[in-house]
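[1] Have a look at this prediction, sequence included:
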Amino acid sequence: MHEEVIISGFGGQGALFAGQLLTYAGLFEGRQVSWIPSYGPEMRGGTAHCTVILSDEPIGSPIVRNPTIAIVLNPASMDKYEPLVAPGGILIVNTSLVRRPAQRTDITVVGVPANDLAYELGNVRMANVVLLGALLATKPIVSPDSVKRAMEEEIPAHRKHIIEPNKRALERGMQYVAEAVGAR
């Protein structure tokens, strides 16, 4: 297994946090991992993205040009990363904010109203984890239990109150995709 993932959105949407959870989950499963964050100078409100590589083999380079998976949280990220996803790859789209349909037909596109689902759970800032759950339901590159373990072990003590809500957000994203696939 070798997956190259880009998670992108506005600063403050939690793209980097979602990438960290994915990276730690990969570590817990014994995979080779790479996580590289990138954000604009404004941080909150600017652009933020990270690249995550999960592999069963040593990683030759942490640079990702054509990700096998992209999670896009906002319209600018959709415009930037949809064209770059490798043919046969997966694009997970936050349809609460991204209104235009994907143009590509050679990739799997999964639309999830992540902001709406996170709002229903009590905090729109969990849309990132809803989308991570959607990814795992689409392609289980790590187990949900490993992501939950990452939350439990890597979230600092002063933020422990976000663990249970984020576990629910992960489950909700997975449930949404399972229901959407079942409805087809």
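    Everything's here; your move. All values reported here derive from a predicted model rather than from experimental measurement.
[2] Need the residues that contact the biggest helix by length in the chain.
    Scanning the chain for the helix with the most residues, using DSSP state H, yields helix 163-183. With contact meaning Cβ atoms under 8 Å, 6 or more residues apart in numbering, helix 163-183 is reached by 110, 112-114, 117-118, 120-123, 126-127, 129-138, 144, 147-148, 151-152, 155. Quick note: C-beta positions are derived from backbone N, CA and C, even for glycine.
[3] for the residue nearest to the spatial centre of the chain, what are its contacts?
    Most central in the chain under Cα atoms, centre = their mean is residue 132, positioned 4.0 Å from the mean C-alpha point. If a contact means Cβ under 8 Å, 6+ apart, then residue 132 has 18, 21, 22, 71, 147, 170, 173 as its contacts.
[4] Residue 34: neighbouring residues, count only.
    Using other Cβ atoms under 10 Å, residue 34 has 17 neighbouring residues.
[5] you'd agree it is up against residue 51?
    Yes. Counting by Cβ atoms under 8 Å, residue 34 does reach residue 51; the two are 7.3 Å apart.
[6] hey, what's in contact with both of those two?
    By Cβ under 8 Å, 6+ apart, residue 34 and residue 51 have these common neighbours: residue 62.
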